Structure formats: C-alpha cells, structure tokens
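1. this one's sequence-less:
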C-alpha cells in the first residue's frame, strides 16, 4: 500500500510551543504547517487548522491528548501512538482515559500499527466513527451539536443571574 511505502503525503502540525524544533525538517512528502508556531486563534489560522483536519485521513499524535480531541471534534479519526516516554501526557491523563473508555480513538504501539489503521481508513473502514460522534456529543457538546459553546455558556450565566440555576 502507499501507506507502507511512504507515499502518502503528510502534514506535520507542531504544537505552538514546540514549533522551532521543526524549522529545519525537510522530508520528502512531509509538510510542516504552519511553519511558525501559532494557535488557531484568528480567522485565517482557525480556517487553516480546520481545513487540515477535515482534509486529513487521520490525525496521528503521540504526545498530547488535546490534539486528538481537536481532530475528533473536526470529525477526523485520531490515532494515538502509545509510548512510555509520553505516558504522563497520555495514559495518565483523564481525557485520554475518557477517549479510551469511549473507544473513540485508535491506539497504536508503533509505525506498523499506524500504517494498518491508515490502510483501513483509506479503504473506507472507520469502525470508530459513531463512537467519535458520541464522544463529542457527551463530553464536548453536551447541550447539543447545534448550540455553540458561547450560546450554551450565555444561557447558563443567564440562569444563574435569574436564580434558576441547577448548580
């Protein structure tokens, strides 16, 4: 498969705090985007962030749960590469364990398992799609997918102010 032969183009999206270590990366078929570390906090940066996730076959992460959660919110399958080196930011975190309990992400022990998952996804088999949606509905958007986080927050603040809070 193209995945096993390294022919699949890849986008590396460094964490905004660690982008400098990728400045000199020059690998065939690998694009570092954005070139300089940036949070997706403005319209153009947010659009680029969203576009890379929605166009991706999967988001692969071995360090931090937030990247996987961002990908799942965007509808992109997440693959976590389990390593002892990053155990503290993976299996020892609450969100990672919530993702595992929800069976919302693919777990891989190394490159060979990542290639297997990518091959299945490219072949149209995504057995975790509904579980990702359920995770987003339960943990990320419990007030509903059609209600923005800002609107949900405003409604709760209004309830508190009016004395009708359930808290």
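-> Looks like it arrived, so ask away. On a predicted model such as this, the values are computed, not experimentally measured, just so you know.

2. all strands for this protein, in order.
-> Here the chain has its strands, by DSSP state E, at 10-12, 30-32, 59-61, 78-81, 106-108.

3. CSV for these, including mean neighbour count?
-> Where you see a C-beta, it was placed from the backbone N, CA and C, and this is true even at glycine. Converted to CSV, those look like this (neighbours: other CB atoms under 10 Å):
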stretch, mean neighbour count
strand 10-12, 13
strand 30-32, 15
strand 59-61, 22
strand 78-81, 22
strand 106-108, 20
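
4. quick one: the helices in this protein, in order.
-> In the chain, the helices defined using DSSP state H lie at 43-55, 65-73, 94-101, 111-122, 129-135, 149-162.

5. the shortest one: which residues count as buried?
-> I take that to be helix 129-135. Buried positions in helix 129-135, judged by neighbour count with 16 or more other CB atoms under 10 Å: 131, 132, 135.

6. mean confidence for it?
-> Averaging pLDDT along helix 129-135 yields 95.

7. could you do the longest one as well?
-> Helix 149-162 shows a mean pLDDT of 90.

8. tell me which strands and helices it is in contact with?
-> Helices and strands touching helix 149-162, by 3 or more CB pairs under 8 Å, 6 or more residues apart in numbering; DSSP states H and E: there are none.

9. tell me the gap between that helix and the middle of its chain.
-> On the basis of CA atoms, centre = their mean, to the nearest Å, the separation between the geometric centre of helix 149-162 and that of its chain is 27 Å.

10. which other residues reach stretch 155-167?
-> Stretch 155-167 is contacted by residues residue 143 when judged by CB atoms under 8 Å, 6 or more residues apart in numbering.

11. show me where pLDDT drops low in the protein?
-> Within the chain, the ranges that satisfy pLDDT under 70 run 1-9, 62, 165-167.
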